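K.L.:
Build me a model:
(one chain, ligands or ions: 1)
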Amino acid sequence: MKLEINHIVFKNICKIVTNDNLNAYVIGGYVRDLILKRKSNDIDIVVVGSGINLAKKVAMSINKNISVNIFKNFGTAMFKYNNDEIEFVGARKESYQRNSRKPFVESGSLVDDQNRRDFTINALAISLNKDDFGQLIDPFNGMEDLKNGIIKTPLNPITTFSDDPLRMLRAIRFASQLDFTVSDETLEAIGKIKNRISIISKERISSELNKIILSKKPSKGFILLEKTGLLKLIFPLLDKMKGVNIINGKAHKDNFIHTIQVLDNISQKTDNLWLRWAAVLHDIGKPATKKFQNNNWTFYNHSFVGAKMVPDIFRFLKLPLNSKMKYVQKLVLLHLRPIGLADSEINDSAIRRLLFETGDDIDDLMTLCEADITSKNDKKVKYFLENFTTVRTKLKEIEQKDTIRNFQPPISGDFIIKTFNIKPSREIGIIKDSITNAILDGKINNNFDEAFSYMIIEAKKLGLKQI
Ligand code: CTP
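P.N.:
As a prediction, the model looks like this:
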């Protein structure tokens, strides 16, 4: 089978290898994605010979100003052209460990190289040689597996996974990302040697986890992670959410199943990785707070406990400990607040406080809350969704009226110092907080004049006089 490939890089490679009497192929993810009609900017070229030399020549043939990054230890080289990253490597006999620090040497044929790749669908190559330019080289029926949506290894899965245990996660990630099925034999092998995942760095694991979370229906990946036993090893706190306890005939819901449903729900609304992470973690405090009391299951304060767990989870998974973490933490902490508002009679003050605490993340919080409704009772779902619509309307009204979202108190600390001629002190904080609270509670409007009058009254209570 011949494929249409007309990238300038491929044409130039063809000219150069013909001239130098070499053989080169485009291989791996790019070919898979080309056939699946998915966009891909990572182009891997394998040459039976030196990848570095070929990269230099090809770059030169396109534009002599292109700079080529050379990784001598790995025998690879890459350059960027337009939006594409083109990586060149000599065909290898050993496993294709692009992320390993282990320098790698032994060269081989194209077949050797294909043998040592992770999945049949990732071992497809297209010839860039003059005689059969565009010809698909598919020794493991990868094309068939692509058509049938099957993830399986080219060799015995135990061998393929032993070469690089990260591939166990990649199998599940591809299944989730492409909505494919992992073959039984491959899945069984993962179950057998899952413990080998311990040699893989947390960064590489999280990168796969993020890709699962970003897939269209992430529950697919999480169910496979759980089924194979990998979840317990890579994300034990999520694994702990599994299961249902029953006392006196009363059961609580399975929090793992609920979580992945919420994740699927939110994935229909947003591609924001961190909002999706907030869905993953929104109930993470539940196992620690679970109690059976007064003949009922309770999870008191689970949002607070969960939010406190977020930094440790991010540290454990080597996710960024920056504003993204804070954002996830905030959403976990506040995820029950709008539900509370939906349940009771909605009052302005509670809405103002919520706006104040969430700031610009209010819309994301509402998206999370709506995704959190996983009841099978249609009436209940309808009731909550309608209430959320009311909360959203009310949020808009209050925001327009009071501009609380990015609230800055109309009176600054400096102004208080000058007005009462005092030194920086605790009193300033007390006065500022009372003004803020008065605005949020609707006692005064959010403007300077009303805040000023209120400040004078509050300061008086503290024995301060205006000079
Ligand atoms: N590969 C492998 N084993 C790995 C990683 C990669 O065999 N652990 C091979 C596969 O043939 C893969 C190719 O290297 O197709 C390129 O790897 P990479 O860029 O990491 O993945 P892609 O398959 O391109 O997919 P994605 O870009 O979505 O990660």
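
K.L.:
Just want the residue of the stretch 151-300 of the chain that's nearest the ligand.
P.N.:
Of all residues in the stretch 151-300 of the chain, the one sitting closest to the ligand is residue 164 (4.4 Å; C-beta to the nearest ligand atom). The way it works is simple: take the backbone N, C-alpha and C, and place the C-beta from them, glycine included.

K.L.:
That residue: neighbour count?
P.N.:
The number of residues packed around residue 164, counting by other C-beta atoms under 10 Å, is 21.

K.L.:
so it touches residue 116, yeah?
P.N.:
No: taking contacts as C-beta atoms under 8 Å, residue 164 lies outside contact range of residue 116: 9.5 Å.

K.L.:
and stretch 12-28, how far apart are its ends?
P.N.:
20 Å (C-alpha to C-alpha, to the nearest Å).

K.L.:
Identify the residues contacting that stretch?
P.N.:
Under the criterion C-beta atoms under 8 Å, 6 or more residues apart in numbering, residues 5, 10, 43-49, 54, 57-58, 61-62, 110, 113-114, 117, 122-130, 133, 137 lie in contact with stretch 12-28.

K.L.:
from those residues, which are also near the ligand?
P.N.:
Here is what survives when the contacts of stretch 12-28 are matched to the ligand using C-beta under 6 Å from any ligand atom: 44, 117, 122.

K.L.:
Compile the residues you listed into TSV and extend it with columns for secondary structure, distance to residue 20 and neighbour count.
P.N.:
Listed next are those as TSV, based on DSSP: H, G, I helix; E, B strand; the rest coil; distance: C-beta to C-beta, whole Å; neighbours: other C-beta atoms under 10 Å:
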residue	secondary structure	distance to residue 20	neighbour count
44	strand	20	24
117	coil	25	26
122	helix	27	24
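
K.L.:
in the helix or strand of the chain with the lowest mean pLDDT, what's buried?
P.N.:
Within the chain, no helix or strand scores below helix 337-343, which has a mean of 77 by mean pLDDT, DSSP states H and E. Within helix 337-343, the residues that count as buried by 16 or more other C-beta atoms under 10 Å are 337, 338, 339, 341, 342.

K.L.:
Relative to residue 260, which of those is nearest.
P.N.:
Minimum distance to residue 260 across the buried residues of helix 337-343 is 19.5 Å, recorded for residue 339 (C-beta to C-beta).

K.L.:
So residue 241: helix, strand or coil?
P.N.:
coil (DSSP: H, G, I helix; E, B strand; the rest coil).

K.L.:
Now for it: which residues touch it?
P.N.:
Residues in contact with residue 241 (C-beta under 8 Å, 6+ apart) are 254, 255, 256, 259, 283, 284, 286, 287.

K.L.:
try residue 459
P.N.:
Residue 459 makes contact with 416, 419, 420, 427, 431, 465, 466, according to C-beta under 8 Å, 6+ apart.

K.L.:
At which residues are the strands of the stretch 251-400 of the chain located?
P.N.:
For the stretch 251-400 of the chain, the strands defined by DSSP state E, counting those that start in this stretch occupy 291-293, 296-298.

K.L.:
Let me know which of those is tucked in deepest.
P.N.:
With neighbours taken as mean count of other C-beta atoms under 10 Å, these reach their highest mean count in strand 296-298, at a mean of 14.

K.L.:
which residues are contacting it?
P.N.:
The contact list for strand 296-298 (C-beta under 8 Å, 6+ apart) reads 245, 247, 250, 251, 252, 289, 290, 291, 292.

K.L.:
Of all the strands of the stretch 251-400 of the chain, which one is nearest residue 158?
P.N.:
Here strand 296-298 is closest among those (C-beta to C-beta), at 42.3 Å.

K.L.:
Would you work out how far apart the start and end of stretch 357-368 are?
P.N.:
This stretch, stretch 357-368, spans 16 Å end to end (C-alpha to C-alpha).

K.L.:
for that stretch, which positions count as buried?
P.N.:
In terms of neighbour count (16+ other C-beta under 10 Å), stretch 357-368 has its buried residues at 357, 358, 361, 362, 364, 365, 366, 367, 368.

K.L.:
Now do the third one against the ligand, distance only.
P.N.:
Distance of residue 361 to the ligand, given as C-beta to the nearest ligand atom, to the nearest Å: 29 Å.

K.L.:
ok, residue 310 - contacts?
P.N.:
Counted by C-beta under 8 Å, 6+ apart, residue 310 has contacts 281, 284, 325, 328, 329, 332.

K.L.:
Restrict stretch 1-9 to CA atoms and write it as CSV.
P.N.:
What follows is stretch 1-9, C-alpha atoms only, in CSV (Å, rounded to 0.1, in the frame of the first residue of the first chain):
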residue,chain,number,x,y,z
MET,A,1,0.0,0.0,0.0
LYS,A,2,1.3,3.4,-0.9
LEU,A,3,0.6,6.6,1.0
GLU,A,4,0.6,10.2,-0.1
ILE,A,5,3.3,12.1,1.7
ASN,A,6,4.4,15.3,0.2
HIS,A,7,6.3,17.1,3.0
ILE,A,8,9.3,18.9,1.7
VAL,A,9,11.4,17.2,4.3
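
K.L.:
Please give the centre-to-centre distance between that stretch and its chain.
P.N.:
33 Å (C-alpha atoms, centre = their mean, to the nearest Å).

K.L.:
and that stretch, average pLDDT?
P.N.:
Average pLDDT, stretch 1-9: 89.

K.L.:
go on, stretch 185-198?
P.N.:
Averaged across stretch 185-198, pLDDT comes to 97.

K.L.:
And the least confident helix or strand of the chain, what does it pack against?
P.N.:
helix 348-358, helix 362-371, helix 378-402 (3 or more C-beta pairs under 8 Å, 6 or more residues apart in numbering; DSSP states H and E).

K.L.:
so for the shortest one, what's the average pLDDT?
P.N.:
Taken as a whole, helix 362-371 carries a mean pLDDT of 96.

K.L.:
which residues touch that helix?
P.N.:
262-263, 265-266, 269-270, 272, 275, 278-279, 282, 331, 334-335, 337-339, 354-355, 358, 385, 388, 391-392, 395, 405.

K.L.:
cool, and stretch 446-458?
P.N.:
Here stretch 446-458 makes contact (C-beta under 8 Å, 6+ apart) with 402-404, 407, 409-411, 416, 419, 430-431, 434-435, 438-439, 443-444, 466.
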